[in-house]
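Visitor: Quick one: sequence and predicted model below, then my questions.
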Amino acid sequence: MTSMIFAGNTDQDTVVSAMLPKQVAALCVRINPVIWESFIALRFDILDCQDNQQKRVLLHGDGDIAAAVQLLSTEVNRLTTQNNQLATEVNRLTTQNNQLTTDVNRLTTQNNQLTNEVNELATVVFSGAVYVRWGRTTCPTTGTDLLYTGYAAGNYFNQEGAADYVCLTSEPIWGVYDDAAQPLSAKMFGTEYQFGQQSYVNGGARFFGKTLLDHDAPCAVCHTSRQATVMIPGRNQCYPGWTKEYSGYLVSGLSGISGHKSPTNYACLDADAEYEIGDHFSNDGKLMFLVEGMCGSFPCPPYVDHRELTCVVCSK
């Protein structure tokens with residue numbers, strides 16, 4: 001059948017009917033709008049006129065509909081199967097995610113425990129520094145704790161052997177021992193102040209405010225919360241930014257005198273040195289003498305020949 005042109009409506013509400021000139025058998029109908037107002041808008045029905053009655057007509061037969069239904073059923077089944085597969089995969093991934101979440105929580109808890117242990121070790125075990133306060137039984141009031149008090153001790157002054165002053169605890173705990181004297185052994189003796197033998201008036205009272213000659217030297221081991229300590233010989237004040245723990249005078253064993261064979265290190269003796277009441281006996285042992293600076297390779301100034309050297313212990 002050739003193309004035909006039918007008149008449409010001129011508004012959006014009026015229904016317009018058009019009759020085909022004769023009966024037509026067709027699978028489809030093509031409608032091409034020719035004229036429109038503003039934009040194309042079209043709704044239509046095809047009616048069958050029999051016995052003066054109008055009935056809507058399906059353009060496809062039963063076979064076409066059955067085939068379309070079968071195609072749609074197949075697609076629905078495919079999509080249902082795909083959906084079920086996706087649901088199974090979602091369940092698998094959800095289970096895997098839950099397991100990973102459990103693992104993350106476990107590792108987070110373990111990490112928190114390790115972090116707490118590290119922080120505890122950093123603040124308790126590795127925090128602060130320890131130093132010996134020679135000549136005193138207490139620690140300074142600079143945020144320090146007393147670890148223990150004891151006795152300055154070392155090798156006998158006229159014997160070769162160990163050099164260092166040590167702070168021997170006042171509360172010994174014994175292991176296996178033999179109280180018999182051994183013919184060959186290293187020995188430890190208490191330490192005496194010997195400032196009177198250096199021709200100082202009143203056994204060094206001008207330096208320490210009291211006579212210390214032949215008295216025994218105590219000591220205290222102190223812990224400070226600050227990270228580092230240093231003993232600075234040659235001055236009795238700390239450098240800026242450091243905290244003064246205590247100051248005093250540099251002491252050691254005697255130099256250049258025959259009979260004083262024991263080497264010693266240098267120690268900083270507190271300017272307010274103490275001693276025990278009733279210990280004023282010349283038992284010798286390890287000895288402490290004031291240290292003088294000697295010009296030569298030693299720069300003077302700033303130092304002065306034969307002047308007693310001060311010292312200070314600082315922390316930061």
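Guide: Thanks, I have the structure now.

Visitor: What residue spans form the domains of the chain?
Guide: 1-94, 129-171+187-315 (automatic domain parsing).

Visitor: winner for burial among those?
Guide: domain 129-171+187-315 (a mean of 17; mean count of other Cβ atoms under 10 Å). Bear in mind the C-beta positions are built from the backbone N, C-alpha and C, glycine included.

Visitor: That domain - what's its average pLDDT?
Guide: For domain 129-171+187-315, mean pLDDT is 87.

Visitor: quick one: which helix or strand includes the nearest residue to M188 once chain neighbours are set aside?
Guide: Closest residue in space to M188, ignoring its immediate chain neighbours: A153 at 5.1 Å, by Cβ to Cβ, 6 or more residues apart in numbering. Taking DSSP states H and E as the definition, A153 sits inside strand 144-154.

Visitor: what's in contact with that strand?
Guide: Residues from elsewhere that reach strand 144-154 (Cβ atoms under 8 Å, 6 or more residues apart in numbering): 130, 134-135, 137-139, 162-171, 188-191, 216-225, 245, 262, 264, 267, 285-286, 288.

Visitor: among these, which are in strands?
Guide: Among those, the residues falling in strands (DSSP state E) are 130, 134, 166-169, 189-191, 218-224, 245, 267, 286, 288.

Visitor: all helices for this protein, in order.
Guide: 62-120, 205-208 (DSSP state H).

Visitor: Rebuild these as a markdown table, extending it with distance to T144.
Guide: Formatted as a markdown table, those follow (distance: least, Cβ to Cβ, whole Å):
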| stretch | distance to T144 |
| --- | --- |
| helix 62-120 | 21 |
| helix 205-208 | 22 |
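
Visitor: of these, which approaches G293 most closely?
Guide: G293 lies closest, by Cβ to Cβ, to one member of the helices of the chain: helix 205-208, at 14.9 Å.

Visitor: Export that closest one to CSV, keeping only CA atoms.
Guide: Extracted in CSV, the C-alpha atoms of helix 205-208 (Å, rounded to 0.1, in the frame of the first residue of the first chain):
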residue,chain,number,x,y,z
ALA,A,205,88.4,23.4,105.7
ARG,A,206,88.9,26.5,103.5
PHE,A,207,87.5,24.5,100.6
PHE,A,208,84.8,22.3,102.3
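
Visitor: one step back: least reliable of the helices of the chain going by mean pLDDT?
Guide: helix 205-208 has the lowest average pLDDT among the helices of the chain, namely a mean of 86.

Visitor: now the angle from the strand holding A153 to strand 218-224?
Guide: Here strand 144-154 points in a direction 140 degrees away from that of strand 218-224 (axes from the mean of the first three to the mean of the last three Cα atoms, to 10 degrees).

Visitor: Neighbouring strands - and their directions - for strand 144-154?
Guide: strand 166-169 (antiparallel), strand 189-193 (antiparallel), strand 218-224 (antiparallel) (DSSP bridges).

Visitor: wait, which of these is closest to N97?
Guide: Closest to N97 of the strands paired with strand 144-154, according to Cβ to Cβ: strand 218-224, at 51.1 Å.

Visitor: mind checking how far the closest one is from the chain centre?
Guide: How far strand 218-224 lies from its chain's middle: 29 Å, per Cα atoms, centre = their mean, to the nearest Å.

Visitor: Render the CA-only coordinates of that strand in CSV, please.
Guide: The C-alpha trace of strand 218-224 is given here as CSV (Å, rounded to 0.1, in the frame of the first residue of the first chain):
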residue,chain,number,x,y,z
PRO,A,218,80.8,8.4,101.6
CYS,A,219,79.0,8.4,98.3
ALA,A,220,75.5,8.3,96.9
VAL,A,221,74.3,6.9,93.5
CYS,A,222,71.5,9.2,92.1
HIS,A,223,69.0,8.8,89.3
THR,A,224,67.8,11.8,87.3
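
Visitor: For that strand, give me every contacting residue.
Guide: 128-140, 142-152, 167, 243, 245, 274-276, 315.

Visitor: Stretch 165-173 too?
Guide: 132, 134, 148-154, 188, 191, 219-221, 264-265, 267, 286, 288.
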